[in-house]
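**Student:** Turn this into a structure:
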Amino acid sequence: RQLFTILPLVAATAYTLLLIALVVRGSAQSGHRWWFSTVLIASILWALSLFLIPASMQPNVSQWLLAASTALLGATTAAYVGWNTEHRWLFMGAVPLLLAPLFDLLWPYPRWLETQLRETWQPTTGTLLTLSTWTALNLAILGLSWREYSHTRPPWHANRLLHWIVFVGATAFGELLTVMPNVWLSAPGQIFRFAAIIGLFRAITSHRLFDVRARLRRGFAFTLTSLVSAIPAAIVFTTILRMRESFPVRDWLAFYVAAMLVIAGGFVLYQPIRRRVSRIVYRYLVGEEFQAGKVVRRYSRAISRTLDMQQLAHEIVGTISDLLQTTRGALLLVGAIEEGYEVEVIPGLNHPQHGRKVFAPGSQFIASLLEQPQPLLQYDLDFNPYYASLTPDERQWLAEQDMEVYVPIHHAEQLDGLIALGPKASGLAYRANELELFQVLAEQTVIALQNARLYSELNRQNDRIRSLNIDLRQQNERLEILDRIKSDFITIASHELRTPLTQVKGYADILTHLNEAGPVEQSETRRIMEHINRAAARLEKLITALLDASELETTGMELARMPATLDMAFNLALEPLNAALHERRIQLKREGVGDIPQLEVDPQRLAQAFHNVLGNAVKYTPDHGVITVSAALVPGVDGKQDYVEVVIADTGIGIEPRYHQLIFEKFFRIGNPELHSTGATKFKGGGPGLGLHIAKGVVEAHGGHIWVESSGEDENNLPGSRFHILIPMSAEAKTEIKGLEIERLTELRSGEIGD
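**Tutor:** The predicted structure follows:
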């Protein structure tokens, strides 16, 4: 009893030593350490109160301090799990404890308590409130922690919570024994509580915790095996007792011989029974043991025949999954680049598609795998202070992979790749022998990975050569077309120049002949001069187009920007075409053009671009066709309405897709140059091939972009063409419009611009 009396003082000393060790050892998780230090301080005060203050003194200070330490343990749990509710636990514990003295003062002894119990225990109302607070806090800690544990999927993360739950429960059980009035229960309760606090101390100061579930399974398996294996011994013992009753007292020698035979038979049966029972129990409770040599041979055969990187990832993860029921996995290729290390994800099993991530040169994740050729757990990345320097971006990427372990693949002291494996389907953590097997398999993967890399690089080079050949073929076709354009230009230019010159010379000769024959009437002179002026105007227009094209090639087009409306520019562009539209019965529709606010553009140049595109639509649209001009505002990259898109759509013969880029080249025109005929607006009328080229130059000089959409050329079905012109609203909005994706623009304008 004297030993039990000084036991609280010994406990206070032990708690003090733990507090000193906590301060000296420290922890990266400073929040955990600080709150747990308050628990140790409360435990020291509690143990001293048991030693110094009689239990009969009211209010019961020791019970009050015990409840206070439980409230602090709740705050520690909140910091440990990451609930961020530490102060809420203090409030839940402080309010009832502060009310306990008031209850003792107002209602010292509860009347509803049974008389017999009140005489033996004599609890006060404050004591009951304190014990109720202690019970409620413990139940809340265990219940909330268990709920968090049940929702935690990664095995080692769940084991961390289970470890905490086990020792919090053990602490509560030890405290329950200490409040018992029987000294033979309270003294062991103090020892039991201190042992549980040591378990919590280890959880706070170290991230390396033993696998609780594995030890429980092994303990249960050992107990069950021992009990089942003891059946032969029980049978032997029972048999000997019955034999003793059947043998005469004097015939002890016969009894001794018979007993030895029975014991020998039981001993012979014991080992086979134990081995068989142990094999069955451990197979279903702990997990079947694998033969490392057999696994390595099977693994080597599977990956040695694989050259494709994707297939290699499937073989690696599939083999391990067949062995350990791994739920997911991938092969990560690691390569050194200027920015650090690039990690490429090759999906293996139940993993998202390919992805790449660049780690900085000093990344602790890559550095640790380079230095230590051993598996790295995601649990270590989350809780080991050594990896505290990982950036939030790196942690987020690793969390998105949802892997449990990363196994490095080294070659010539370089990190070639990683085998990333997710958790087991059973939810159990990987055992030490399994992690060791993973590293052996990674060493077997080096040659296969090198071969797959070489094979993949060879395929990439072949694809690149194939792509270059395609590009070269396309460029050759383009050069052939451009070379033909240069050859055709002489034919077209001579025709375009000769026709107006012939008209000028012919009408001049007629005028001369009429003048020599006698007086010429003024009406005839006027008619002849109109023909001469028309031919001269066409010649002037051609020369102007040639000069504009030359200006684009040399100095670029100069613009005279001013505020102008899109409607005004279209009116200027349509004025020369009105007669042709009326003559050929082509209907022109305008949608939204007048709704566009003022732009900061060169109206003359913009009208020139619109005129050339509209003229092209008139030429290649049959009589009685339809040309639709529509305009709408288009948001830029920042979401502002910085651009206007104009769509000029016709119901003409269309354009072959292979010519969609070439039609904007200088002197390019579709068709046989030998069939060229001069006609500015007649159906399929010819031209020098400069209109769309100049239109493109004008649009790009404004910082815009022009392109065409057409399914093909067909004079019977008339698929038509759609010319898109994207123009900035102002000079400040002039950005790299080519960087705006055409597909995105199509989505933005859907519903606003008709087909």
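**Student:** which other helices and strands contact the lengthiest helix in the chain?
**Tutor:** Looking across the chain with DSSP state H, the single longest helix is helix 432-517. Applying 3 or more CB pairs under 8 Å, 6 or more residues apart in numbering; DSSP states H and E, one finds that helix 432-517 makes contact with helix 292-304, helix 309-324, strand 405-411, strand 414-421, helix 522-553. Placement of C-beta: from N, CA and C, glycine included.
**Student:** contacting residues for the nearest residue to residue 417 once chain neighbours are set aside?
**Tutor:** The spatial neighbour of residue 417 that comes closest, neighbours along the chain excluded (CB to CB, 6 or more residues apart in numbering), is residue 409 at 4.4 Å. Neighbour list for residue 409: 415, 416, 417, 418, 419, 442, 443, 445, 446, 449 [criterion: CB atoms under 8 Å, 6 or more residues apart in numbering].
**Student:** which residue packs closest to residue 85, ignoring adjacent ones?
**Tutor:** Leaving aside its sequence neighbours, residue 85 sits nearest to residue 78 (CB to CB, 6+ apart; 4.6 Å).
**Student:** For residue 141, see how far away the one you found is.
**Tutor:** Residue 78 sits 9 Å away from residue 141, going by CB to CB, to the nearest Å.
**Student:** go on, residue 306?
**Tutor:** According to CB to CB, residue 306 stands 52 Å off from residue 141.
**Student:** Name the helix or strand for residue 342, please.
**Tutor:** strand 340-349 (DSSP states H and E).
**Student:** For that strand, which residues meet the burial criterion?
**Tutor:** By 16 or more other CB atoms under 10 Å, the buried positions in strand 340-349 come out as 341, 343, 344, 345, 346, 347, 348, 349.
**Student:** same check, this time on stretch 390-401
**Tutor:** 390, 394, 397, 398, 401.
**Student:** do you know how far the third one is from residue 156?
**Tutor:** Distance check for residue 397 against residue 156: by CB to CB, it reads 19 Å.
**Student:** of residue 306 and residue 141, who's got more company?
**Tutor:** Per other CB atoms under 10 Å, whichever of residue 306 and residue 141 has more neighbours is residue 141, with 25 against 18.
**Student:** Roughly how far does residue 217 sit from residue 170?
**Tutor:** 19 Å.
**Student:** that older thread, confidence score at the residue nearest to residue 417?
**Tutor:** Here, the pLDDT recorded for residue 409 equals 87.
**Student:** and what of residue 170?
**Tutor:** 94.
**Student:** In space, what's closest to it - neighbours in sequence excluded?
**Tutor:** residue 196 (3.6 Å).
**Student:** That neighbour looks like it's in a strand, true?
**Tutor:** No: going by DSSP: H, G, I helix; E, B strand; the rest coil, the assignment for residue 196 is helix, not a strand.
**Student:** check contacts around residue 316.
**Tutor:** Residue 316 is in contact with 303, 329, 331, 348, 419, 441, 445, counting by CB under 8 Å, 6+ apart.
**Student:** List the contacts of the fourth one.
**Tutor:** What that stands for is residue 348. So residue 348 contacts 313, 314, 316, 317, 318, 328, 329, 330, 331 (CB under 8 Å, 6+ apart).
**Student:** can you give me the strands for the stretch 251-400 of the chain?
**Tutor:** Per DSSP state E, counting those that start in this stretch, the stretch 251-400 of the chain carries strands over the ranges 329-337, 340-349, 355-359, 376-377.
**Student:** From residue 88, how far off is the closest residue to residue 64 other than its chain neighbours?
**Tutor:** The shortest distance from residue 64 to any residue other than its chain neighbours is 5.6 Å, reached at residue 130 (CB to CB, 6+ apart). To residue 88, residue 130 is 20 Å away according to CB to CB.
**Student:** Counting neighbours around each, name which of those two comes out higher.
**Tutor:** Using other CB under 10 Å as the criterion, residue 130 and residue 88 rank with residue 130 on top: 29 against 13.
**Student:** what about the more buried one, helix or strand, and which?
**Tutor:** Residue 130 belongs to helix 125-150 when assigned by DSSP H and E.
**Student:** Does anything pack onto the helix or strand just after that helix? Which helices or strands?
**Tutor:** Downstream of helix 125-150, the next assigned helix or strand under DSSP H and E is helix 155-178. The contact analysis (3+ CB pairs under 8 Å, 6+ apart) places helix 155-178 against helix 61-81, helix 125-150, helix 183-205, helix 212-229, helix 378-383.
**Student:** CA atoms of helix 155-178 as PDB?
**Tutor:** This file holds the C-alpha atoms of helix 155-178, laid out as PDB (Å, rounded to 0.1, in the frame of the first residue of the first chain):
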ATOM      1  CA  PRO A 155      -3.300   2.500 -45.700                       C
ATOM      2  CA  TRP A 156      -0.500   4.200 -43.900                       C
ATOM      3  CA  HIS A 157      -2.500   7.400 -43.400                       C
ATOM      4  CA  ALA A 158      -5.300   5.300 -42.000                       C
ATOM      5  CA  ASN A 159      -2.800   3.400 -39.800                       C
ATOM      6  CA  ARG A 160      -1.600   6.700 -38.400                       C
ATOM      7  CA  LEU A 161      -5.200   7.500 -37.300                       C
ATOM      8  CA  LEU A 162      -5.800   4.000 -36.000                       C
ATOM      9  CA  HIS A 163      -2.600   4.200 -33.900                       C
ATOM     10  CA  TRP A 164      -3.900   7.400 -32.400                       C
ATOM     11  CA  ILE A 165      -7.300   5.900 -31.700                       C
ATOM     12  CA  VAL A 166      -5.900   2.800 -30.000                       C
ATOM     13  CA  PHE A 167      -3.700   4.800 -27.600                       C
ATOM     14  CA  VAL A 168      -6.400   7.400 -26.900                       C
ATOM     15  CA  GLY A 169      -8.700   4.500 -26.000                       C
ATOM     16  CA  ALA A 170      -6.000   3.000 -23.900                       C
ATOM     17  CA  THR A 171      -5.500   6.400 -22.100                       C
ATOM     18  CA  ALA A 172      -9.300   6.600 -21.400                       C
ATOM     19  CA  PHE A 173      -9.300   3.000 -20.100                       C
ATOM     20  CA  GLY A 174      -6.400   3.700 -17.800                       C
ATOM     21  CA  GLU A 175      -8.100   6.900 -16.500                       C
ATOM     22  CA  LEU A 176     -11.300   4.900 -15.900                       C
ATOM     23  CA  LEU A 177      -9.300   2.600 -13.600                       C
ATOM     24  CA  THR A 178      -7.700   5.400 -11.700                       C
END
